[in-house]
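Asker: Need coordinates for the below:
(chains A and B)
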Amino acid sequence: MSDIHAAIDAVWRIESARLIASLARMVRDVGLAEDLAQEALLAALERWPKSGVPDNPGAWLMATAKHRAIDVLRRGKMLERKHEVVGRDLEARQESPEDALHAALDDEVGDDLLRLIFTACHPVLSTEARLALTLRLLGGLTTEEIARAFLVPVPTVAQRIVRAKRTLAEARVPFEVPRGADRAARLSSVLEVIYLIFNEGYTATAGDEWTRPPLCDEALRLGRILAELTLQEPEVHGLVALMEIQASRLRARVGPAGEPVLLLDQDRARWDRLLIARGLAALDRVEALGGTLGPYALQAAIVACHARARTAEETDWTRISALYDALAQLAPSPVVEVNRAVAYAMAFGPAAGLEIVDAVAAEPSLAGYHLLPSVRGDFLVKLGRHDEARVEFERAASLTRNTRERTLMLERAAAAARKASRNDRGER
Amino acid sequence: MRFMMLVIPKAYENARADFVPPADLVAKMTKYNESLTKAGVLLSLDGLTPPAKAARVKFAAGTPKVVDGPFTEAKEMVGGYWMIQVKSKAEAVEWAKRAPMLDGDVIEVREVQDISEWPEEVRKAAGR
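Answerer: Predicted coordinates for the structure are as follows:
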């Protein structure tokens, strides 16, 4: 990439979400707003290599996009979209570049940004569509970047985005932050989308790499933006705390050959202290807001226990078990039970863990969940039941789609098999 | 990618030990810091007291020698930093361009070293 194109890319990255958000408020259509913003970007790509990047590139893009909006509306290409009023409104606002600048810097931008996040995560859209649209509208990522991040073909992502924009328009989804109970439900959809993006980076569900840190960075950035827009929402800060602390371990989670390194085996000197400090600070914000901890805050409190322990042996497993008990009550799920089992095994012995895991082992929703046999295998090894453990690790290997993780599981299966045969020969 | 944006205020080597930046500049800086926070890119920041209050430990002939500030012969003294997380060097530079600086000030944009990019033997020496 040439310097000027890198510079334009950087401006786009910084400005695009606010640009699209402000335009969406004016034209009341997120899809159209994004198209207008893209047209402004194309204009910049054409103009700036000759003229240089303007002093206030954000205002330039906004002014250009607004001109386009007026053109589009005047040409009557939006027959279905009754935008005459909006058009007049736009012209009225178009008095001078200074106005555009002020509009762009207005505090309203924050509200528009929040509306944009809530719209991108609207329940009328599929989860995949929400992920793609959020990364596109809020992250300023290109279709190619999103496709690369999720290891799906570019046309698939392009189609998802086009369809998502159409769905929003057809469903006449208002550009707003819902109120009352709707707000809580939508906020949890937003948090889910951000955490899904994070997790796809933290433990890639497919592909040759165990982690994809750029996706974690992207999710963290979205979380931090959201946290500044919703200062009074404890769960937002809970999610940010959770992601900051988990991300602090990214470097330590991958061995020299790209293989996964499990939490208790990690070199804690490689944990990122800056991110841990940020995570703990976010958790303090949750606690300062008062009330009982929500699911994200509870998970953050759990990872904070690990972050505070200087060595694996110092981990406060009793506290972690209690936090998992609270989480299991608040947001019961088989996956939480598996994690609770791990904590119990560490606090009270492998038999305690096995008991919890066995209680949920028959859950249909866990049928394809590779961590269940992997965890069960771990307990069985500790109980000296190596042959049963081998079967579990082999099962885990067959269930994971991540090649690095599969290798690890096959290694553990082989180790369990060796121990089992030694046991058979009476060499304990 | 993680970058440190180092602020090198003009003539900071001559600042008095009790130098305090003027309120209007601090107000602008606070607004800028907020914009970094709201964009989700700011990891941490600090301002550094004037070099007049600093010490330099100079290494020569095997013995560290301590020199107290000010260091009037020195140039380009760091006055503070932002640590940011961005996608590219260009993005870091774009953020630096938006800082409310005075004529003659400099912001140096430096990427944080990623040890995983070092050759294997050097990585091993770092225990990685």
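Asker: Next one: the closest residue to residue A:245 other than its chain neighbours, what pLDDT does it get?
Answerer: Excluding the flanking residues, the one nearest residue A:245 by Cβ to Cβ, 6 or more residues apart in numbering or on different chains is residue A:279, at 3.6 Å. Placement of C-beta: from N, CA and C, glycine included. Looking at residue A:279, its pLDDT is 98.
Asker: Verify the stated contact: residue A:279 with residue A:244.
Answerer: Yes - using Cβ atoms under 8 Å, residue A:279 is in contact with residue A:244, at 3.4 Å.
Asker: Please identify which of the two sits among more neighbours.
Answerer: Neighbours were counted for residue A:279 and for residue A:244 using other Cβ atoms under 10 Å in any protein chain shown; residue A:244 has more, 28 against 24.
Asker: wait, isn't the more buried one in contact with residue A:274?
Answerer: No - with contact defined as Cβ under 8 Å, residue A:244 does not count as touching residue A:274 (9.1 Å).
Asker: show me the contacts for residue A:407.
Answerer: Residue A:407 makes contact with residue A:259 under the criterion Cβ atoms under 8 Å, 6 or more residues apart in numbering or on different chains.
Asker: Which helix or strand contains it?
Answerer: Element membership for residue A:407, per DSSP states H and E: helix A:403-424.
Asker: mean confidence score for that helix?
Answerer: The average pLDDT for helix A:403-424 rounds to 90.
Asker: Kindly report the same for stretch B:97-115.
Answerer: Averaged over stretch B:97-115, pLDDT sits at 95.
Asker: just stretch A:38-46 next, same as before
Answerer: For stretch A:38-46, mean pLDDT is 95.
Asker: how about that stretch against chain B, any contact?
Answerer: No - no part of stretch A:38-46 sits near chain B under the criterion Cβ under 8 Å from any Cβ of the partner chain; the closest distance found is 13.0 Å.
Asker: Could you tell me which residues within that stretch count as buried?
Answerer: Across stretch A:38-46, burial judged by 16 or more other Cβ atoms under 10 Å in any protein chain shown covers A:38-41, A:43-44.
Asker: tell me how far that stretch is from the chain's mean position?
Answerer: 29 Å (Cα atoms, centre = their mean, to the nearest Å).
Asker: Any regions of the stretch 301-428 of chain A where pLDDT drops low?
Answerer: Counting by pLDDT under 70, the stretch 301-428 of chain A shows low-confidence ranges at A:426-428.
Asker: Tell me where it has helices.
Answerer: Under the criterion DSSP state H, counting those that start in this stretch, the stretch 301-428 of chain A carries helices at the ranges A:317-330, A:334-348, A:350-360, A:371-382, A:386-399, A:403-424.
Asker: do you know which of those helices lies nearest residue A:214?
Answerer: For the helices of the stretch 301-428 of chain A, the distance to residue A:214 is smallest for helix A:403-424, at 17.2 Å, taking Cβ to Cβ.
Asker: okay, the angle between the closest one and helix A:386-399?
Answerer: Relative orientation of helix A:403-424 versus helix A:386-399 (axes from the mean of the first three to the mean of the last three Cα atoms, to 10 degrees): 160 degrees.
Asker: what's the angle from helix A:403-424 to helix A:371-382?
Answerer: Interaxial angle, helix A:403-424 versus helix A:371-382 (the same axes, to 10 degrees): 30 degrees.
Asker: in the strand or helix carrying residue A:182, what's buried?
Answerer: Assigned by DSSP H and E, residue A:182 falls within helix A:180-202. By neighbour count on 16+ other Cβ under 10 Å, the buried set for helix A:180-202 is A:186-187, A:189-202.
Asker: Stretch B:20-37 too?
Answerer: Buried residues in stretch B:20-37, counted by 16+ other Cβ under 10 Å: B:29, B:32, B:35-36.
Asker: residue contacts, residue A:370?
Answerer: Contact analysis of residue A:370 by Cβ under 8 Å, 6+ apart lists A:396-397, A:399-400, A:405, A:409.
Asker: Out of those residues, which comes closest to chain B?
Answerer: The closest of the contacts of residue A:370 to chain B turns out to be residue A:405 (Cβ to the nearest Cβ; 20.1 Å).
Asker: Verify the contact between that closest one and residue A:258 for me.
Answerer: No - with contacts counted by Cβ under 8 Å, residue A:405 stays clear of residue A:258, the gap being 11.3 Å.
Asker: the more surrounded of the two?
Answerer: Neighbours were counted for residue A:405 and for residue A:258 using other Cβ under 10 Å; residue A:405 has more, 22 against 13.
Asker: How many residues are close by the nearest residue to that one once chain neighbours are set aside?
Answerer: Nearest residue to residue A:405, sequence neighbours excluded (Cβ to Cβ, 6+ apart): residue A:260, at 5.9 Å. Neighbourhood size, residue A:260 [other Cβ under 10 Å]: 17.
Asker: swap in residue A:171?
Answerer: For residue A:171, the count of nearby residues is 12 (other Cβ under 10 Å).
Asker: No further queries at this time; thank you.
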